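Q: turn this into a structure:
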Amino acid sequence: VDEAIEANVRIYGAFDPASWNAKALKSIVTSFSTETAECQGESDKIMLTDLVNDRGGFDRLDSRVRDVRQQCITDLKAVNLFEQLFSMSISSVSPFRELEA
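A: Numbers count the residues shown, from 1 in each chain. Alright, predicted model coming up:
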């Protein structure tokens, strides 16, 4: 996420609407800390900690991750509404279909 922020790349969350519900998504919005994430080794942890701190700190990073995850909740609500209105799974909709002339 931090690299995308630095490169000014828009970030989207991806999730399987069949496997997630609003309660589960809400828990990952509120119960995480990038500062306490595990790294493969102590040298990685030191390097990444320094990098994140140089870019504004873990609170800034947590805020951006929280924003992406919060958007996932909004997206899940839209998926649920679609499926209620059209009585079909959104995953069965082809995203690209040529229109007949």
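Q: how close does the nearest residue to Ser33 once chain neighbours are set aside get to Met88?
A: Leaving aside its chain neighbours, Ser33 sits nearest to Asp62 (6.6 Å; criterion: C-beta to C-beta, 6 or more residues apart in numbering). Placement of C-beta: from N, CA and C, glycine included. Going from Asp62 to Met88 by C-beta to C-beta, to the nearest Å gives 37 Å.
Q: please identify the helix or strand for the residue nearest to Ser33.
A: Asp62 is part of helix 58-86, with elements assigned from DSSP states H and E.
Q: what's the answer for Lys45, then?
A: With elements taken from DSSP H and E, the one containing Lys45 is helix 42-54.
Q: off-centre distance for that helix?
A: A distance of 22 Å separates the C-alpha centroid of helix 42-54 from that of its chain, computed with C-alpha atoms, centre = their mean, to the nearest Å.
Q: do the same with stretch 72-90
A: The offset between the C-alpha centroid of stretch 72-90 and the centroid of the whole chain comes to 17 Å, using C-alpha atoms, centre = their mean.
Q: on that earlier part again, mind listing what the residue nearest to Ser33 touches?
A: For Asp62, the contacting residues are 32-35, by C-beta atoms under 8 Å, 6 or more residues apart in numbering.
Q: buried subset of those?
A: The neighbour-count criterion (16 or more other C-beta atoms under 10 Å) marks Thr34 among the contacts of Asp62 as buried.
Q: just the pLDDT for the residue most central in space within the chain.
A: Per C-alpha atoms, centre = their mean, the C-alpha nearest to the average position across the chain is that of Gly13, at 3.1 Å. Predicted confidence (pLDDT) for Gly13: 84.
Q: all numbers from here: first residue = 55
A: Sure thing, new numbering starts at 55, so read that last one as Gly67.
Q: for it, what are its contacts?
A: Applying C-beta under 8 Å, 6+ apart, the residues contacting Gly67 are 122-123, 125-126, 129.
Q: quickly find the element holding it.
A: With elements taken from DSSP H and E, nothing contains Gly67; it lies in neither a helix nor a strand.
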